[in-house]
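Colleague: Have a look; sequence and predicted model below, questions after that.
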Amino acid sequence: MGRVGPVGTAFSGRAAAYTYNLISTWTDPAEDGQHIGANRDLAAQLAPLLQSGSYVNFLTDRAGDSNARIRAAYGDALYVRLARLKREFDPGNLFRANHNIRPAR
């Protein structure tokens, strides 16, 4: 993935050597705090190793996945390019499900 330039496609983080996604499952709601806390602790431990941005499909659908988080996932240069492409090919924002990039004005 590193052979393509940083804004050549809608995929950020091409210079990273690795990617990770923390996933946990459990069945007992009483264990929510334990498992969510463990994931947050591990994420905090890995944070010093991170590059900026993230893989947009790793963002959750929870409240708070704002346009700012989506933009941060792509990085400014790539986000601006994608917003311009969206203005050209989808000015009415028909394809707005998932993590939407709004058309540039």
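Modeller: Sure thing, it's come through.

Colleague: Check which helix or strand residue 44 maps to.
Modeller: Element membership for residue 44, per DSSP states H and E: helix 32-46.

Colleague: what's that helix in contact with?
Modeller: The contact list for helix 32-46, computed with C-beta atoms under 8 Å, 6 or more residues apart in numbering, reads 20, 22, 24, 26. For the C-beta atoms, the positions are set from N, CA and C on the backbone; glycine is no exception.

Colleague: ranking those residues by neighbours, who comes first?
Modeller: Highest neighbour count within the contacts of helix 32-46, by other C-beta atoms under 10 Å: residue 20, with 13 neighbours.

Colleague: Buried residues in the next helix or strand along the chain from the helix holding residue 44, which are they?
Modeller: Later in the chain than helix 32-46, the nearest helix or strand by DSSP H and E is helix 67-74. By 16 or more other C-beta atoms under 10 Å, the buried positions in helix 67-74 come out as 70, 71, 72, 73, 74.

Colleague: Kindly format the C-alpha coordinates of helix 67-74 as PDB.
Modeller: Only the C-alpha atoms of helix 67-74 are listed here, as PDB (Å, rounded to 0.1, in the frame of the first residue of the first chain):
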ATOM      1  CA  ASN A  67     -17.000  15.400  10.400                       C
ATOM      2  CA  ALA A  68     -13.800  16.500  12.300                       C
ATOM      3  CA  ARG A  69     -13.000  12.900  13.200                       C
ATOM      4  CA  ILE A  70     -13.600  11.800   9.600                       C
ATOM      5  CA  ARG A  71     -11.400  14.600   8.300                       C
ATOM      6  CA  ALA A  72      -8.700  13.700  10.800                       C
ATOM      7  CA  ALA A  73      -8.800  10.100   9.600                       C
ATOM      8  CA  TYR A  74      -8.000  11.100   6.100                       C
END
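
Colleague: Check the average confidence over that helix, would you?
Modeller: Helix 67-74 shows a mean pLDDT of 84.
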